[in-house]
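[1] no sequence on this one, just coordinates:
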């Protein structure tokens with residue numbers, strides 16, 4: 001991972017929330033919230049909350065006496081999340097680094113993290129922090145994407161950008177969001193952090209959009225992939241986005257598009 005992989009700033013949070021969240025994150029947010037609710041947790045910590053899609057799903061699923069502490073490394077993402085969430089006294093928002101959590105030991109029943117672990121520069125340390133703040137018998141639940149070849153739009157966009165920048169192709173999607181899917185590695189790193197009871201479930205869903213341009217804009221302009229494109233030539237952002245849209249259209253058609261997405265949901269008991 002490179003430094004810009006963690007930068008969600010400028011117009012990225014708004015585009016991410018408007019296009020990327022419904023494109024790929026919403027079905028997994030509902031699934032993760034259901035799993036958290038099934039634990040009967042009352043004190044939940046969410047790390048890498050982003051623009052709040054899981055937070056909103058948790059608020060809809062958890063009882064009135066539950067409390068959600070939603071955190072993210074990027075304040076701009078939390079600002080967007082707070083603007084989307086109706087007033088709910090069960091939710092506390094806090095900027096925090098998942099590798100150095102500002103919470104006491106054994107404070108939470110569940111730590112939940114949707115598609116954030118891939119961004120941890122030290123995953124074992126992130127897992128150690130989650131375990132530290134969990135109560136005895138608490139659970140860590142998190143999701144990671146499967147390899148990029150199992151996620152159609154991400155794969156198509158990445159290949160398309162390699163044609164635009166053949167000598168230095170932007171590889172953010174393959175390197176980071178889709179770079180941490182090997183179950184043996186995940187289990188080993190959780191074990192190194194002290195977790196011993198781990199289950200990993202594959203969850204398939206569909207990624208749908210009204211046109212090829214929507215996923216192209218979502219990926220090229222609403223994620224840190226934009227930082228990579230602009231680092232190569234900021235004047236070519238629209239060209240890159242349009243090229244990605246044409247590649248999606250060639251593969252999935254010019255009207256509404258529908259592609260595969262696959263992720264793994266990990267549950268680890270303290």
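    Great, that's in hand. Please read all numbers here as calculations on a predicted model, not as lab measurements.

[2] now the helices for the stretch 101-250 of the chain?
    Assigned by DSSP state H, counting those that start in this stretch, the stretch 101-250 of the chain shows helices spanning 123-133, 152-164, 172-175, 183-192, 213-221, 225-233, 237-252.

[3] How far away from the center of its chain is the last one?
    Here the centre of mass of C-alpha atoms in helix 237-252, compared against the chain's by Cα atoms, centre = their mean, to the nearest Å, lies 23 Å away.

[4] so can I have JSON lines of the helices of the stretch 101-250 of the chain showing distance to residue 267, mean neighbour count and mean pLDDT?
    In short, each C-beta sits where N, CA and C put it, glycine included. Shown next, in JSON lines, are those (distance: least, Cβ to Cβ, whole Å; neighbours: other Cβ atoms under 10 Å; pLDDT from 0 to 100):
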{"stretch": "helix 123-133", "distance to residue 267": "12", "mean neighbour count": "21", "mean pLDDT": "98"}
{"stretch": "helix 152-164", "distance to residue 267": "25", "mean neighbour count": "22", "mean pLDDT": "98"}
{"stretch": "helix 172-175", "distance to residue 267": "26", "mean neighbour count": "21", "mean pLDDT": "96"}
{"stretch": "helix 183-192", "distance to residue 267": "10", "mean neighbour count": "15", "mean pLDDT": "98"}
{"stretch": "helix 213-221", "distance to residue 267": "28", "mean neighbour count": "25", "mean pLDDT": "97"}
{"stretch": "helix 225-233", "distance to residue 267": "30", "mean neighbour count": "20", "mean pLDDT": "95"}
{"stretch": "helix 237-252", "distance to residue 267": "33", "mean neighbour count": "19", "mean pLDDT": "98"}
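
[5] Could you dump these into CSV and include distance to residue 112?
    As requested, these are exported to CSV (distance: least, Cβ to Cβ, whole Å):
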stretch, distance to residue 112
helix 123-133, 10
helix 152-164, 23
helix 172-175, 23
helix 183-192, 15
helix 213-221, 23
helix 225-233, 25
helix 237-252, 31
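
[6] To residue 202, which of those helices lies closest?
    The closest of these to residue 202 is helix 183-192. By Cβ to Cβ, the value is 9.3 Å.

[7] Report all helices and strands that the closest one contacts.
    In terms of contacts (3 or more Cβ pairs under 8 Å, 6 or more residues apart in numbering; DSSP states H and E), helix 183-192 is packed against helix 123-133, strand 197-209, strand 257-269.

[8] Out of those, which is closest to residue 146?
    Among those, if distance is taken as Cβ to Cβ, the winner is strand 257-269, at 4.1 Å.

[9] That closest one vs helix 152-164, what angle?
    Relative orientation of strand 257-269 versus helix 152-164 (axes from the mean of the first three to the mean of the last three Cα atoms, to 10 degrees): 110 degrees.

[10] buried sites along strand 257-269?
    257, 259, 261, 262, 263, 264, 265, 266, 267, 268 (16 or more other Cβ atoms under 10 Å).

[11] swap in stretch 11-29?
    12-13, 15-29.

[12] which residues sit in contact with the residue nearest to residue 137 when sequence neighbours are not counted?
    Using Cβ to Cβ, 6 or more residues apart in numbering and skipping the chain neighbours, the partner closest in space to residue 137 is residue 270 (6.2 Å). Contacts for residue 270 (Cβ atoms under 8 Å, 6 or more residues apart in numbering) come out as 131, 134, 135, 136, 137, 138, 139, 140, 194, 195.
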